[in-house]
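> I'll drop the sequence and a predicted model, then ask my questions.
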Amino acid sequence: MSENQAVIECQDVSLIINGTSILTEINFKLIQGEHCVLLGLNGSGKTSLLKLLSGYGYPSEGKLTVLGRYFGEIDLRILRKRIGWVHMDLKYGIPSFMNSIEVVISGKRGALVIYEDVGKSELDKAVHFLKLMNAEKIIDRRFGSLSTGERQKVLIARALFMDPEILLLDEPCLGLDPV
């Protein structure tokens with residue numbers, strides 16, 4: 001993508017679920033290299049918007065373009081592999097028997113469980129991102145035994161491991177110390 005190209009563009013995006021308006025006429029553009037924070041009250045639709053932006057749904061109305069691809073003209077399964085997304089509910093889908101390094105590597109595969117062998121380069125890369133998150137002490141620990149903050153660090157490392165073109169973080173500091 002070029003430097004001044006929009007990586008996300010919402011034009012009058014609305015989301016209606018079971019007759020209830022969740023999002024109404026959302027309009028914004030995020031340019032390559034920009035960062036933004038989405039703030040709002042509980043129940044205001046922040047997670048619903050992030051779910052749409054990450055390719056886990058379609059808007060009811062309006063036009064949504066992510067990474068230059070218009071929703072309705074792209075296979076969202078392919079788009080999702082280009083987007084790192086950390087959200088609260090992800091930790092409930094990961095089997096508790098997996099260790100931290102397996103959870104991190106599973107992100108690249110677009111799955112929650114790893115069934116095939118893992119190469120040394122993948123292991124090294126996963127260790128790198130766990131160290132980046134100051135989580136090297138929990139590399140071999142089972143995901144189910146981790147604290148909320150430790151799980152969050154593993155999930156952020158998992159998203160970074162994917163080398164995403166867009167990184168979406170929904171309540172990324174959940175369970176983490178202020179430092």
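Received the coordinates, thanks.
> which SSE is Glu116 in?
Using DSSP states H and E, Glu116 maps to neither a helix nor a strand.
> same deal with His35?
Applying DSSP H and E, one finds His35 in no helix or strand.
> could you check how far it is from Ser48?
As defined by C-beta to C-beta, to the nearest Å, His35 lies at a distance of 21 Å from Ser48. Just so you know, the C-beta spots here come from the backbone N, C-alpha and C atoms, and that holds for glycine as well.
> more neighbours, those two?
Ser48 (16 against 6; other C-beta atoms under 10 Å).
> the more buried one touches Ile22, doesn't it?
Yes: here Ser48 reaches Ile22: they are 4.9 Å apart, a contact under C-beta atoms under 8 Å.
> and the strands in this structure?
Using DSSP state E, the strands of the chain run over residues 6-17, 20-31, 61-66, 69-70, 83-86, 166-169.
> mind listing the helices for this structure?
46-53, 76-80, 90-93, 100-109, 120-132, 148-161 (DSSP state H).
> tell me what the spatially most central residue of the chain is bridged to.
Geometric centre of the chain, nearest residue: Trp85, 0.1 Å, by C-alpha atoms, centre = their mean. Here Trp85 sits in beta bridges with Leu168, going by DSSP bridges.
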